[in-house]
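1. prediction below, plus the sequence it came from.
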Amino acid sequence: MKKLFSRKRFTCLATLALLLALLVGCGGQAREQEGQSTGAASGEQLAIAAEKEAAAVRNSGGLVEIKEKRFIAQCNDILLNPARYTGRKIRIEGMFSAYDDGTGTVRYWVTRNSPGCCGADGVVGFEFRAQQAPDCLENDWIVVEGGIAEEESEYYSSNIFIRDATVTVKTERGAEFVAS
């Protein structure tokens, strides 16, 4: 039977493979270090940072302030872990919207645009309830402060909203579209 590789040829190929593996590995580390030094962050790094920030807020027992750079992550943490936040005070900025829910009740929202199923067609934010109807126009930039509350819903397992909200209209707008 004929040998496919001689010992010399096998040693040469193994050495080349080892060198290639070392070069690829070192290049990957250099690219990773370059990304860290320029401030670039992966999705995983952003998620870890958002969770650390959310944990710090949960543990502090203080005001939950939804930040622009972590808007979606912070809103999701509240929606996924309502027991950690219920009763806490929240401050959130975004666009005002109102709609009739079909029962004659007008519901108010503070939202921002976000990625969705078909590109940039998503919306993230919270419903809020105030003692009196807010003096806002559709799409006004507002700051909403109130308490985080949870109630049972006929459509969802629970509904998270901002109760006893105070609403302030701002002239300076933040980022209407958020991605994290």
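-> That came in fine, so what should we check first?
2. where does this protein have low pLDDT?
-> Confidence mapping of the chain against pLDDT under 70 gives the ranges 1-43, 46-47, 49-61.
3. can you confirm A120 is in a strand?
-> Yes - applying DSSP: H, G, I helix; E, B strand; the rest coil, one finds A120 inside a strand.
4. right, and it touches E176 too?
-> No - between A120 and E176 there is no contact under CB atoms under 8 Å: 10.2 Å. For every residue, glycine as well, the C-beta is placed using N, CA and C.
5. next, show the common contact partners of the two.
-> N113 (CB atoms under 8 Å, 6 or more residues apart in numbering).
6. ok, C118 to V178 distance?
-> For C118, the distance to V178 equals 17 Å [CB to CB, to the nearest Å].
7. swap in I148?
-> Using CB to CB, I148 is found at 19 Å from V178.
8. the more surrounded of those two?
-> With neighbours defined as other CB atoms under 10 Å, I148 and V178 compare such that V178 has more, 24 against 19.
9. quick check: nearest residue in space to that one, chain neighbours excluded?
-> Take V178 and drop its neighbours on the chain: the residue closest to it by CB to CB, 6 or more residues apart in numbering is F71, 4.2 Å away.
10. who's in contact with that neighbour?
-> So F71 contacts R112, S114, V124, V178, S180 (CB under 8 Å, 6+ apart).
11. now the first one: which helix or strand?
-> To tie it back to what came earlier, the one meant is R112. strand 106-116 (DSSP states H and E).
12. can you give the contact residues for that strand?
-> Residues from elsewhere that reach strand 106-116 (CB under 8 Å, 6+ apart): 71-72, 92-101, 120, 122-130, 133-134, 142, 144, 162, 165, 174-179.
13. residue ranges for the helices of the protein, please.
-> For the chain, applying DSSP state H gives helices covering 7-37, 43-60, 71-80, 82-85.
14. what residues are up against the residue nearest to A149 when sequence neighbours are not counted?
-> Leaving aside its sequence neighbours, A149 sits nearest to R163 (CB to CB, 6+ apart; 4.2 Å). For R163, the contact set (CB under 8 Å, 6+ apart) comprises F128, R129, G146, G147, I148, A149.
15. okay if I get these as TSV plus distance to L80?
-> Output for the contacts of R163, formatted as TSV (distance: CB to CB, whole Å):
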residue	distance to L80
F128	19
R129	21
G146	20
G147	19
I148	13
A149	16
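16. just these: which are in strands?
-> Per DSSP state E, strands hold the following members of those: F128, G146, G147, I148, A149.
17. touching, P82 and S158? I think so.
-> Yes - counting by CB under 8 Å, S158 is a contact partner of P82 at 6.3 Å.
18. who's more crowded, the two?
-> Ranked by neighbour count (other CB under 10 Å), P82 and S158 place P82 first, with 16 against 13.
19. gap between that one and S157?
-> Noted for P82: a distance of 10 Å to S157, by CB to CB.
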